[in-house]
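1. Okay, here's the prediction I keep looking at, along with the sequence it came from:
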Amino acid sequence: MDTLMNLLSPLTMGTGAIQDTMKLVVIGGTVETARRVSMSAWNGFVDSFFLTAHFSQDDYPYDWLMYWLSKQPAWGRSREFDITTRALSRNGIIQNTTGDLDDGDDDEPLVHGKKKRRVTFIPSPETTHTIYYRGHWLRITRTKRQGDYGSYSLKISVVARNNDILKKLVLEAKRTYEKDAEHRVHIFLADTSYGIWRWNGARQKRPMSSIVLQPGVKDMILTDCKDFLASEEWYAERGIPFRRGYLLHGVPGSGKTSLIHSLAGELGLDIYVVSLSSKGMSDNMLTTLMGNVPSRCILLLEDLDAAFTRSVSRDSTSTGAPTVPTASTKSSKENSDGSTLSLSGLLNSLDGVAAAEGRLLFATTNHIERLDPALSRPGRMDVWINFTHATKWQAEGLFKCFFPAKPSAESVELPEGGSADASQKNLPLPKRKTIQIVPLLAEEEIAELAKRFADQVPEDELSVAALQGYLLKNKTRPRECVDEIAAWVVQERETKEKLKKQKAELEAKEKAEAEEKAKKEKEEKAKESKTKDEKETNEAKEKGEKIRKPKKRVEVIKAEAAVESASSSSSSETDNSTGADADSEESITSEEDETVTKAVDAAIVSKEKWVAVKSQSTGTQTTTEETLS
Ligand SMILES: Nc1ncnc2c1ncn2[C@@H]1O[C@H](COP(=O)(O)OP(=O)(O)OP(=O)(O)O)[C@@H](O)[C@H]1O
């Protein structure tokens, strides 16, 4: 033992210091562990009093809360947050818009022609924020969801006995959000990559009075929509699916899309737009999308006929059930853009079991004649509205829209669009005041000008969009606008004629090119098949040659054998066999050639045998010939 102590003595010199260090480590570790345990116990204890609500980005409450949070002054004191000049949106899409949700300062002047942008504070992800709300501390965490398409979820915890406070919070957030949405129409676009709807922006509502249609059309459609939305029970009692479809068809630029936007604003509905010809669109995708639209909204199928020109055709064998494209159907239906939509898939998504209830379906087309009757039958498309080129009545209405009459009360400054005209009373009161540069004319004069204007516009020849373009160009010159309209119409006609001619020429050129191409392809094909035939003939010939040559060789060998046999039997006998030399270098590859080769080998072997016999016989001084003789 003493020896061991002696040996360790150099090491035990600092034992005291080491022991002290060890003690410190143990004490420190114990304290830290105790701290952590108590912390986690405290957290667990506190958590047991917390009520927690989760909000997924896929649903509306997330939008309400994010919007509400962005309005909270508490963010000003927060130590970590995201700042954006863009609008908060559903699905986390932060969209650059000219009119942000936080945009309350419409009176601000334009800066370099642009509207000043306000910044918005929103909770930064993966950080817990605490804000005070109605006597409670709310703990808010925004987290990114795993394995998703990059969407977020919001977690709000609060210490409370029951969930009343959370209910109040959600309701308040909803009201704040909807108050803002009152002035806007939210647009959602179908995302065919994930089968979800993506928020695309919020547009200012368009007043119904700014849409000029034939008398009674606007009232009819608005009443019909309102009536539908108010009759859910009526539909349920009769077992009729609670859906209504509107088909707006007619020439381009006649106001189909504008009317839908205006209706959405009037009815306070969001618009869900789906393009049937978009990349990746399939029966299943469309069914999924249609099943995901909320109950009260406008579902817009734009340019319905475009899907048909892209060869969406009715599958006669289809039962109408959603289909998964099989290899065979794929090849026949799949388009270059990967779309596999069939008409039966479209019909099924519109009114199949999974189709959403309570939505207003609007479909627009410029070519109604291209639609399958099954698509436009009542139940799918209940109301049809034809949109034509501008009538004189529309021209007059449009003119009045552009040039409001002077209000009865004198005013130097008039809000843009504001008017005493009864037809304009539906227009919203603009927020921004601008210096009025449009000369305000008396009501009688405007009426007279509008009449003159309409008289010079040909009936059902020019699109309303074209007329709007002309009026926009002359928006400050009402009188000149009327004076110059006749010249403009002539110019329009000429332009139209020119465009028509150019189109015809282009079509003719394309046709000629296509014909030329087809001709060339045909010639090339003929040439190719001729070359192929020739090649095949040559190959066949060569094969024949090869077979013949080994045969010849066999014959030669046989002949040689015979000659030798003859010469051995009679040495004086002259060789009268001539025969060509066998081509020993010939390569034999085919099966037939192999057979021939075997025959040749057999002949050679027999020849060799014969030579051996001969030499034997020579050794005994007795030739076969002699033996034979
Ligand atoms: N009847 C109308 N009343 C008021 N404005 C109209 C009308 N028709 C067209 N316009 C104007 O013309 C432009 C194009 O209209 P819109 O996009 O609604 O036409 P559309 O019929 O949907 O055309 P397309 O079939 O090519 O989609 C818009 O700016 C709109 O303001």
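-> Structure received.
2. For this structure, which residues score under the pLDDT cut-off?
-> Per-residue confidence of the chain (counting by pLDDT under 70) places the weak regions at 1-14, 74-124, 145-150, 307-339, 353-355, 408-438, 546-629.
3. what does it have sitting close to the ligand?
-> The chain has residues 211-213, 252-258, 364, 366, 387, 464-465, 468 near the ligand, with proximity defined as C-beta under 6 Å from any ligand atom. For the C-beta atoms, the positions are set from N, CA and C on the backbone; glycine is no exception.
4. Mind checking which of those are in strands?
-> Helix and strand membership here follows DSSP state E; of the residues of the chain next to the ligand, those in strands are Thr364, Phe387.
5. Checking my notes, Pro241 in a strand, right?
-> No. If the criterion is DSSP: H, G, I helix; E, B strand; the rest coil, then Pro241 is coil and not within a strand.
6. Next, give phi and psi for it.
-> The main-chain torsion angles of Pro241 are listed as degrees, to the nearest 10 and equal phi -60, psi 130.
7. what sits against Leu361?
-> With contact set as C-beta atoms under 8 Å, 6 or more residues apart in numbering, Leu361 has these partners: Arg243, Arg244, Gly245, Tyr246, Ile298, Leu299, Leu301, Leu350, Arg380, Met381.
8. Show me which of the residues of the chain next to the ligand are buried.
-> Buried members of the residues of the chain next to the ligand, scored by 16 or more other C-beta atoms under 10 Å, are 211-213, 253-258, 364, 366, 387, 464, 468.
9. which of the residues you listed sit farthest apart?
-> Farthest-apart pair in those is Val212 and Asn366; separation 19.4 Å (C-beta to C-beta).
10. about what we covered before: closest one of the contacts of Leu361 to Gly358?
-> Top of the list for closeness to Gly358, among those and by C-beta to C-beta, is Arg243 at 7.4 Å.
11. count of neighbours near that closest one?
-> With neighbours defined by other C-beta atoms under 10 Å, the count for Arg243 comes to 20.
12. you'd agree it is up against Phe362?
-> No. Here Arg243 does not reach Phe362: they are 12.0 Å apart, not a contact under C-beta atoms under 8 Å.
13. what about Thr130, which SS state?
-> Secondary structure of Thr130, reduced to three states by three-state DSSP: strand.
14. what bridges to it?
-> Partner residues in beta bridges with Thr130: Arg139, with DSSP bridges as the criterion.
15. For it, give me its contacts.
-> Residues in contact with Thr130 (C-beta under 8 Å, 6+ apart) are Trp137, Leu138, Arg139, Ile140.
16. Buried among these? Make that a PyMOL selection.
-> Selection of buried members from the contacts of Thr130 for PyMOL, criterion 16+ other C-beta under 10 Å:
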select buried, resi 138+139+140
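17. Would you reformat the contacts of Thr130 as a markdown table and include distance to Glu32?
-> Below are those laid out as a markdown table (distance: C-beta to C-beta, whole Å):
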| residue | distance to Glu32 |
| --- | --- |
| Trp137 | 28 |
| Leu138 | 31 |
| Arg139 | 25 |
| Ile140 | 30 |
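18. Go ahead and name everything in contact with stretch 376-384.
-> With C-beta under 8 Å, 6+ apart as the criterion, stretch 376-384 contacts 221, 224, 241, 244-247, 249, 347, 350-351, 361, 363, 368, 374-375.
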